[in-house]
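> sharing a model prediction with you, sequence too.
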Amino acid sequence: MTDSNRWLWLAGVFFSGWLVYLLMPILSPFLIGILLAYLGDPLVDRLEARGLSRTWGVIAVFALFGLLLVLALLFLLPSLGRQLVHLYELAPQMLDWLQQVVLPWVQVKLGLAKGFWHLEQLKSMFVGQLDKTTNVLTQLLSQATASGLALLAWLGNLLLVPVVSFYLLRDWDILVAKLRTLLPRRREGVVVGLVGECHEVLGAFLRGQMLVMLALGVVYALGLMLVGIDLGLLIGLLAGLASIVPYMGFVVGIGAALVAALFQFGGDPYPLIGVVAVFSVGQLLEGMLLTPLLVGDRIGLHPVAVIFAVLAGGQLFGFTGVLLALPVAAVIMVLLRHVHDLYKLSDLYGESGQGDSSGGSVEPPGPT
């Protein structure tokens, strides 16, 4: 590649990044639509292989997604909303319990000075906010009226998501084939190989890990509700969402569930044993069945890399960055593996064995 071509490519990359930065306010529905189309493409391909046309396969997948959304709206969201309100109402009582029961016990065990803990200000803040709950609906209506154009724009973006998803899902294979025809002929094999590896990583993570999160959320929520935890649905779903990072869902979920069980049942050991049993069963299912079956071992994303990617994406590009963080991180990991292989084959890597700092040669070790 000549110097002029390099500068042309750099200018193109810079211009593309600048354009994406300018268009960020309208990119969210398109990114969500691309994500839904990518997740739904294997289902449509299977229906198409069984004799359905591409359009009817897309309609069937959309009907399935719509049915799941309606069921969630009818059954899940009302219960979840009630538990959120219940948690908000219990906050002052939990602070009292924390201040009068838990913290004195910790204080005695650790030998801390009397009056070490002070939660009166936090408690008064929660109580003051609870007095204003009757005006929440009025405030929301006033905000919606004052920012009517913003609300209409948000609703427009929300309605745009299924439209974008439908057309992308219907023409997904055509778009992929056209993009492949644009590749340089001499580099087509290399690029197709890299894209194939990225597809494996993205597919394993986006489809597999999301299914694992959903399954764990259901297992945790049902188990905690069977144990009798009042906030079981909320804690279970929170633990399922946190499972996007390995072991974080277990740590967050069992910690919150044990605190909720201690607050609700006091020192009764049976609910605590039940909570430990629920999360132990969830971990066994995840390690022995869900992750090997749905995800496999091809992700290559370290838990620390997942956390950093999400935080960095949100810091740099807001909600759009959060949506792009994990796919971009997965692609970067694939590319870095190839860069590592090229570096191991390069002359730069081999220079370390040609001499030392004193100028003498370094002989390779002989056979043992």
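On my side now, so go ahead. From a predicted model like this one, the values you see are computed outputs, not experimental measurements. Residues are numbered from 1 along each chain as shown.

> look at the residue most central in space within the chain and tell me its secondary structure.
Nearest to the geometric centre of the chain sits Ile244, at 5.2 Å (CA atoms, centre = their mean). Three-state call for Ile244 (DSSP: H, G, I helix; E, B strand; the rest coil): coil.

> can you tell me how far it is from Arg180?
31 Å (CB to CB, to the nearest Å). Yep, even glycine has a C-beta here, placed from its N, CA and C like the rest.

> what's the answer for Pro303, then?
Taken as CB to CB, the span from Pro303 to Arg180 is 34 Å.

> cool, Ser28 as well?
Distance from Ser28 to Arg180, by CB to CB: 28 Å.

> who has more neighbours, those two?
Ser28 (19 against 12; other CB atoms under 10 Å).

> pLDDT score for that one?
You'll see Ser28 listed with a pLDDT of 77.

> what's the helix or strand for it?
Using DSSP states H and E, Ser28 sits in helix 24-49.

> starting at the chain centroid, how far to that helix?
What separates the centre of helix 24-49 from the centre of its chain is 17 Å, taken as CA atoms, centre = their mean, to the nearest Å.

> residues of it that come out buried?
Judged by neighbour count using 16 or more other CB atoms under 10 Å, the buried positions of helix 24-49 are 27-41, 43-44, 47-48.

> what's the first helix or strand after it?
helix 54-71.

> and that following helix, what other elements does it pack with?
For helix 54-71, the packing partners by 3 or more CB pairs under 8 Å, 6 or more residues apart in numbering; DSSP states H and E come out as helix 24-49, helix 148-170.

> least reliable of those helices by average pLDDT, please.
Among those, helix 148-170 carries the lowest mean pLDDT (a mean of 78).

> by mean pLDDT, point me to the weakest helix or strand of the chain.
helix 136-146 (a mean of 50; mean pLDDT, DSSP states H and E).

> now for whatever helix or strand Val251 lives in, which elements pack on it?
Per DSSP H and E, Val251 falls inside helix 248-265. Contact here means 3+ CB pairs under 8 Å, 6+ apart; on that basis helix 248-265 packs against helix 77-97, helix 210-227, helix 232-242, helix 269-285.

> what about 6 Å?
helix 232-242, helix 269-285 (3 or more CB pairs under 6 Å, 6 or more residues apart in numbering; DSSP states H and E).

> give me whichever of those helices is most buried.
Highest mean neighbour count among the helices and strands packed on helix 248-265 (mean count of other CB atoms under 10 Å): helix 232-242, with a mean of 23.

> could you check the angle helix 269-285 makes with that one?
30 degrees (axes from the mean of the first three to the mean of the last three CA atoms, to 10 degrees).

> what's the angle between helix 232-242 and helix 77-97?
100 degrees.

> now helix 232-242: average pLDDT?
89.

> can you list the low-confidence ranges for the stretch 51-200 of the chain?
109, 111-151, 153-154 (pLDDT under 70).

> coming back round to it: looking at the helices and strands packed on helix 248-265, spot the one closest to Ala63.
Smallest distance to Ala63 across the helices and strands packed on helix 248-265 (CB to CB): 24.8 Å, for helix 232-242.

> quick revisit: what's the helix holding Ser28 packed up against?
helix 54-71, helix 148-170, helix 303-345.

> next SSE downstream of the last one?
Reading on from helix 303-345 to the C-terminus, the next helix or strand found by DSSP H and E is helix 347-350.

> now do the second one
Downstream of helix 148-170, the first helix or strand assigned by DSSP H and E is helix 172-181.

> and that next one with helix 148-170, angle?
Using the same axes, to 10 degrees: helix 172-181 against helix 148-170 is 80 degrees.

> before we move on, the earlier item: now render the helices and strands packed on helix 54-71 as TSV, adding distance to Tyr343.
Shown next, in TSV, are these (distance: least, CB to CB, whole Å):
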stretch	distance to Tyr343
helix 24-49	31
helix 148-170	37
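
> do you know which of the ones you listed lies nearest Leu237?
helix 24-49 (19.6 Å).

> of the helices and strands packed on helix 54-71, which is nearest His199?
Here helix 24-49 is closest among the helices and strands packed on helix 54-71 (CB to CB), at 9.3 Å.

> angle of the closest one against helix 148-170?
Using the same axes, to 10 degrees, helix 24-49 lies at 30 degrees relative to helix 148-170.

> what number of residues lie near Ser165?
Around Ser165 there are 25 residues (other CB under 10 Å).

> from the chain's centre, how far out does stretch 216-227 sit?
20 Å.

> an error on my part: the question was meant for stretch 44-57.
29 Å.

> what's that stretch in contact with?
Applying CB atoms under 6 Å, 6 or more residues apart in numbering, the external contacts of stretch 44-57 come out as 58, 60-61, 170.

> how about stretch 266-281?
223-224, 227, 250, 254, 257-258, 261, 265.
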